[in-house]
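**Q** Sequence and predicted structure below; questions after.
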Amino acid sequence: MKKNYIFICLLSSILFSHQANAVLKVGFVNAIKVMEKAPQVEKANRRLEREFAPRQKQLVKSGKSIKSMESRVKRGGSTMSQIQVSRLKRRIRNKKREFRRQQEEFREDYNIRRNAELEKIQKIITKVIQQLAKRERYDFILSDGVVWASKRVDITNKVLRKLRRHR
């Protein structure tokens, strides 16, 4: 709340201190739309998918193996000796523990890589917006924290077009 108040005060002082006949050029970029539609994001998602697919397949395979062992205990538990059942249950517990550890490592590694990719994309998007702002002589480009912006100041589609050419 305090940030918004300071921002509004700052913006008001700039608007009112500007010469009466000068026009302030303001633009707005919908960051969510840019992140959904930027080709760089799609490309990064495909890269991540390819990179992590083998590990994902291995996790699925491990999960199926555990389920198979559990069903073997349920089906054949009555025909197995108590020692065999105990050993199988211990193996299942150990495999489940290992499986959870592998899942956690997978999620951690994936999130680290995903965040690194998003950081690169954010830098590209910022650079494109700054170039557009300089070329078209905008005084302000607003993004996050904007409650509403008219189509007249929304330059999101311009940014997306420039990002498509930026590849």
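**A** Looks like it arrived, so ask away.
**Q** Where does the prediction get shaky in this structure?
**A** Applying pLDDT under 70 to the chain picks out residues 1-22, 147, 167.
**Q** What's the biggest helix in it, counting residues?
**A** Looking across the chain with DSSP state H, the single longest helix is helix 82-135.
**Q** counting contacts, what elements does that helix pack onto?
**A** Applying 3 or more CB pairs under 8 Å, 6 or more residues apart in numbering; DSSP states H and E, one finds that helix 82-135 contacts helix 39-76, strand 140-142, helix 156-166. In short, each C-beta sits where N, CA and C put it, glycine included.
**Q** Among those, which comes closest to residue 23?
**A** Among the helices and strands packed on helix 82-135, strand 140-142 comes nearest to residue 23, with 12.3 Å by CB to CB.
**Q** Sheet-wise, list the partners of the closest one with their directions.
**A** strand 26-28 (parallel) (DSSP bridges).
**Q** chain center to the following helix or strand past the partner strand, what's the gap?
**A** Later in the chain than strand 26-28, the nearest helix or strand by DSSP states H and E is helix 31-37. Centre-to-centre, helix 31-37 and its host chain are 11 Å apart (CA atoms, centre = their mean, to the nearest Å).
**Q** Quick check: buried residues in helix 31-37?
**A** 31, 34, 37 (16 or more other CB atoms under 10 Å).
**Q** Packing partners of that helix?
**A** Using 3+ CB pairs under 8 Å, 6+ apart: helix 31-37 touches helix 156-166.
**Q** buried ones in the helix it packs on?
**A** 156, 159-160, 162-163.
**Q** helices and strands around that helix, which ones?
**A** helix 31-37, helix 39-76, helix 82-135.
**Q** Nearest to residue 24, out of those?
**A** helix 82-135 (13.1 Å).
**Q** Between helix 156-166 and the closest one, find me the angle.
**A** With axes from the mean of the first three to the mean of the last three CA atoms, to 10 degrees applied, the angle from helix 82-135 to helix 156-166 works out at 100 degrees.
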